[in-house]
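1. next comes the sequence, and after it the predicted model I'd like to discuss.
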Amino acid sequence: MKMGVETPSQLVDIKRLPLTQIEELPNGKGVRVGALVRNSDMAEHPLITSRYPVLSQAVLAGASPQLRNLATTGGNLLQRTRCYYFYDPAFPACNKRKPGSGCGALEGFNRIHAILGQSDQCIATHPSDMCVAMAALDAVVRVQGPKGGREIPFADFHRLPGSTPERDTNLVRDELITAVDLPAIPFATRSHYLKVRDRASYAFALVSVAVLLDLNGGQIRSARIALGGVAHKPWRALKAEKELAGKKPDPQAFRLAAEAELADARGYKYNSFKIEMAKRAIVRALTTVAAIA
Amino acid sequence: MTSEFDLRTENDVPSGPIGKTLIFTRTSRRRFLLQVTAAIAAFTLGPRFLALAQAAAAGATKTADLSTHDAVNVHLRINGKDYAIDQLDPRVTVLDLLRERLHLTGSKKGCDHGQCGACTVLINGRRVNSCLTLAVVNDGAEITTIEGLANGEQLHPMQAAFIKHDGFQCGYCTPGQICSAVALVKEGHAKDDAQIREWMSGNICRCGAYTNILAAIKEARDQSGAAVKG
């Protein structure tokens, strides 16, 4: 709004809704994080730090302490997928800002842009760190509308650009996010968030990786991997996960998994470096997680 | 176009645990805030953008013909003093309220986009970018600005440490740096140099006084004895 990109005629303050709790779900089903829980509170909550360290790390890797004191779960989920062409209304071409106007980034300065799942309509990336961890955790977004509530699996919440890059999520007009449910995952304690960026702190990810590893007697039973900074939405690395199942957790397996995931990646003039960077980040994150006792 | 702003307080919403919710309605008369999707915009855009609503307001308060019908009354406790603010444009941020209306100009407007940290103040004990939060949604809050840290003529230890260690050059980011640093120590995030650097990363110093800021924070931390919380 400060940039004049959004010009709403009406705003509703929802901060007084009772959605500020982090609580355990009954029967050991996991943890529910209210939509209005501040990012700073989530990151340091005992239920999150003890059971989902990857989520705590991801939240703390995002923004600054002041912003995390204002940011909420729901607000973070609904951050616009965007790039600098979106932010500058003086620049005519942005399909996300003005459907049909074109994409300035395709032939422009596209260093921070997407390498996976993009379309010729939009190559912006989703900016959230929190969401990358939630994607790896198979979180569920709970929403409420006039016709009742529904649950949206995390993978279905955000959208790839396709031919409608103006739509970032599958939330519909009259729905409100009330909470995010984190399923119980015993091996989520063996998890890690790696963020690669231009500065040591307070910068968006060029590439980020959230990893959970389920190890059983020197073998990978299953892996959960999600990537940030590479796509229009948090990118679940299913090909890499498939590649890792049943393998020994060694550098060769990690590299093969990374190669598999990035096989379809496509770079542009300024961001092709991200393809190799993503592969190395996956290997490094997996290596870190495998070493967790 | 009878009513520009329809401000209602709903205490009893029949369905669901809604509680007390403020609803702002506005016609599209003001050029800077056109149509878009009304209430849903606030939902789908989230709090950051909600707070950014004031964007337009900052530039517009001078020119918008704000009728008395639009205005809101806000009560805030700032630096230990009660302020009953009448006839406030609901689009005004905490920062603009502090500076333009209350003339507490210690908090600085650097980027006005939540990127630089110069506007950092403490709201209910937490450090936030005051350029990103509307005054009206903070009704009843307790705010501490740089003006509220000293005890009379006695500087806050963090202020004294910044002077002693030359923790600034031009001084523009300093009020935000100091408010942020006070919160940092209270939070227990000042354990070592690396942690201080990380947790002060939301305050940018274009003069590059970081080394001296770090030294100042460490000294104030050691004086406060709050170094090793957490």
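-> Good, I have the coordinates. Numbers count the residues shown, from 1 in each chain, chains lettered A, B, ... in the order given.

2. and the closest residue to chain A within chain B, how many neighbours?
-> Closest residue of chain B to chain A, CB to the nearest CB: residue B:202 (2.5 Å). (C-beta placed from N, C-alpha, C; glycine too.) Counted with other CB atoms under 10 Å in any protein chain shown, the neighbours of residue B:202 add up to 26.

3. residues contacting it?
-> If a contact means CB atoms under 8 Å, 6 or more residues apart in numbering or on different chains, then residue B:202 has A:63-67, A:202, B:117, B:120, B:129, B:180 as its contacts.

4. wait, what's in contact with the residue nearest to it when sequence neighbours are not counted?
-> Excluding its sequence neighbours, the residue lying closest to residue B:202 (CB to CB, 6 or more residues apart in numbering or on different chains) is residue A:64, at 2.5 Å. Taking CB under 8 Å, 6+ apart, we find residue A:64 in contact with A:202, B:117, B:201-203.

5. any idea how far residue B:209 is from residue A:64?
-> Counting by CB to CB, to the nearest Å, the separation of residue A:64 from residue B:209 is 18 Å.

6. next, residue B:166: phi, psi?
-> Note on residue B:166: its backbone torsions stand at phi 60, psi 50 [degrees, to the nearest 10].

7. same question for residue B:120.
-> When quoted as degrees, to the nearest 10, the phi and psi of residue B:120 stand at phi -60, psi 130.

8. what's the neighbour count on it?
-> A count of nearby residues for residue B:120, using other CB under 10 Å, gives 33.

9. tell me the bridge partners for it.
-> Beta-bridge partners for residue B:120, by DSSP bridges, are residue B:129.

10. pretty sure it is touching residue B:174, no?
-> No - judged on CB atoms under 8 Å, residue B:120 makes no contact with residue B:174 at a distance of 10.7 Å.

11. so where's the stretch 151-293 of chain A uncertain?
-> Within the stretch 151-293 of chain A, no stretch has pLDDT under 70.

12. would you map the strands across the stretch 101-250 of chain A?
-> A:140-145, A:148-153, A:176-183, A:191-196, A:207-216, A:219-228, A:235-236 (DSSP state E, counting those that start in this stretch).

13. give the contact list for residue A:148.
-> Contacts for residue A:148 (CB under 8 Å, 6+ apart) come out as none.

14. and the one 3 residues further on, by the same measure?
-> Applying CB under 8 Å, 6+ apart, one finds that residue A:151 lies in contact with A:140-143, A:181.

15. any chance of a markdown table for those, columns distance to residue B:80 and neighbour count?
-> Shown next, in a markdown table, are these (distance: CB to CB, whole Å; neighbours: other CB atoms under 10 Å in any protein chain shown):
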| residue | distance to residue B:80 | neighbour count |
| --- | --- | --- |
| A:140 | 45 | 19 |
| A:141 | 42 | 26 |
| A:142 | 41 | 20 |
| A:143 | 42 | 23 |
| A:181 | 42 | 19 |
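
16. from the residues you listed, pick the one nearest chain B.
-> Nearest member of these to chain B, counting by CB to the nearest CB, is residue A:143, at 9.7 Å.

17. isn't the closest one right up against residue A:174?
-> No - when contacts are counted by CB under 8 Å, residue A:143 is not listed as touching residue A:174 (9.9 Å).

18. what segments of chain B are helices?
-> B:38-52, B:54-60, B:94-96, B:157-164, B:174-187, B:193-199, B:210-224 (DSSP state H).

19. which stretch in those has the least confidence?
-> Of all the helices of chain B, helix B:38-52 carries the lowest average pLDDT, namely a mean of 40.

20. report the residue ranges of every domain in chain A.
-> According to automatic domain parsing, chain A comprises the domains A:22-79+A:125-183, A:187-290.

21. would CSV of those domains with distance to residue A:107 be doable?
-> What follows is those, written out as CSV (distance: least, CB to CB, whole Å):
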stretch, distance to residue A:107
domain A:22-79+A:125-183, 16
domain A:187-290, 8
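
22. and of those, who's closest to residue B:133?
-> Of all those, it is domain A:22-79+A:125-183 that lies closest to residue B:133, at 6.2 Å by CB to CB.

23. list the buried residues for the lengthiest helix in chain A?
-> Ordering each helix of chain A by length in residues (DSSP H) puts helix A:273-290 first. Buried positions in helix A:273-290, judged by neighbour count with 16 or more other CB atoms under 10 Å in any protein chain shown: A:274-275, A:277-279, A:281-290.

24. which residue, other than its chain neighbours, is closest to residue A:40?
-> residue A:68 (4.2 Å).

25. does the one you found count as helix, strand or coil?
-> What DSSP: H, G, I helix; E, B strand; the rest coil gives for residue A:68 is helix.

26. break chain B into its domains for me.
-> Split by automatic domain parsing, chain B gives B:1-148, B:157-224.

27. what residues does the stretch 51-200 of chain A have near chain B?
-> The stretch 51-200 of chain A comes close to chain B at residues A:63-67, A:69-72, A:74-80, A:144, A:169, A:171, A:173-177, A:200, as judged by CB under 8 Å from any CB of the partner chain.

28. let's see it at 7 Å
-> Contact residues, the stretch 51-200 of chain A versus chain B (CB under 7 Å from any CB of the partner chain): A:64-67, A:69-72, A:74-75, A:78-79, A:171, A:173-174, A:176.

29. may I see the PyMOL selection of the buried members of those residues?
-> Selection of buried members from those for PyMOL, criterion 16+ other CB under 10 Å:
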select buried, chain A and resi 64+65+66+67+69+70+71+72+74+75+78+79+171+176
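
30. what about residue A:103, how many residues nearby?
-> Residue A:103 has 25 nearby residues by other CB under 10 Å.

31. model confidence for residue B:25, exactly?
-> At residue B:25, the pLDDT value in this model is 41.

32. just the helices in chain A please.
-> Under the criterion DSSP H, chain A contains helices at A:39-44, A:46-51, A:53-61, A:65-70, A:73-77, A:84-87, A:130-136, A:154-157, A:238-244, A:251-262, A:273-290.

33. just those: most buried one?
-> helix A:130-136 (a mean of 30; mean count of other CB atoms under 10 Å in any protein chain shown).
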